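In: After the sequence you'll find the predicted model.
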Amino acid sequence: MKESVKTILLFLGLILSLIFAPSCTKYDPIYSDVCITGDCESQFIVVYENQEILPNANGHYEVEWNGLEYFQIRGQLSHLNDDYCNADGIPFIETKYDSDYWVVFENLYFSTPMYSYLGWFNDQGLNNPISFGSYTYTMNDLINLHPPLNVVGYQIPQNLCIDCPYAPTLVGTYSKYNYNPTQNILLDDEMVGDTINIFIQTTFNTEGGPSMYDPNSTSPQEIIETQIKVIVI
């Protein structure tokens, strides 16, 4: 009798092991490609006065100053797979811009003509008064009021907490959740003859959302860094 019970228990144990064996198998998480084409790509062009500037033989872009006080960096990015977009199809993508060119405000001077209340006029209708001189206004030490301005459009706060976790987000300007980022770059006549290096970092799948087959795993991410050299002539 004892042998029969032992045989039955062994038989039941064998059946249970066969039933639950698949649940003990460990599968490695499988991720889909971040971008639809497999390899993520980013392309950028320089635009001034709504005209694309083609690179010269050295791969640099020459922007001829013509009065318009900015040029543009326009991008075209690879599309993400649906797994790395939200439910509305908005892609988890980000483009960050930075440069090595800063504008520092020191002193500002400007003059304005002065007129007498009962002064002279150069027409009989008394519409065009004649100035008796000019007055110069001076604004000194502007750097204490306005920190240096990076030409991509950001300033570093005077009391920046360098060790704070949010500090890196204050350096640079950002374009998020779109495949065609556009950034305006400051330009003026005093930059003629200077070289501006533009640094661009594109992050595909910024949110690090769940993978297709393992909700507890972090999905892959791709980062592409691009440098554009612009010479103002």
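Out: Now that the structure is in, tell me what you want to look at. Numbering: from 1, shown residues only.

In: make it CA atoms for all contacts and neighbour counts henceforth
Out: Fine.

In: Buried ones in stretch 194-207, by neighbour count?
Out: In terms of neighbour count (16 or more other CA atoms under 10 Å), stretch 194-207 has its buried residues at Thr195, Ile196, Ile198, Phe199, Ile200, Gln201, Thr202, Thr203, Phe204, Asn205, Thr206, Glu207.

In: Of the residues you listed, just say which sits nearest to Leu68.
Out: Ile196 (16.5 Å; CA to CA).

In: Which parts of the chain are helices?
Out: Secondary structure of the chain (DSSP state H): helices at 2-20.

In: pull the helix or strand with minimum mean pLDDT from it.
Out: Least confident helix or strand, the chain: helix 2-20 with a mean of 51, by mean pLDDT, DSSP states H and E.

In: Could you work out the most separated pair of the buried residues of stretch 194-207?
Out: Thr195 and Glu207 (34.8 Å).

In: Show me what the closest residue to Tyr174 other than its chain neighbours is bridged to.
Out: Excluding the flanking residues, the one nearest Tyr174 by CA to CA, 6 or more residues apart in numbering is Lys96, at 4.6 Å. Beta-bridge pairing for Lys96 (DSSP bridges): Tyr174, Gln201.

In: gap between Lys96 and Ile73?
Out: Relative to Ile73, Lys96 is positioned 12 Å away (criterion: CA to CA, to the nearest Å).

In: ok, how many other residues are close to Leu149?
Out: 16 (other CA atoms under 10 Å).

In: ok, now Tyr154?
Out: Using other CA under 10 Å, Tyr154 has 17 other residues around it.

In: Okay, strands next: where are they in this protein?
Out: Assigned by DSSP state E, the strands in the chain fall at 42-48, 51-53, 61-63, 70-77, 93-99, 102-103, 108-114, 133-139, 149-150, 154-155, 173-176, 182-186, 195-204, 222-232.
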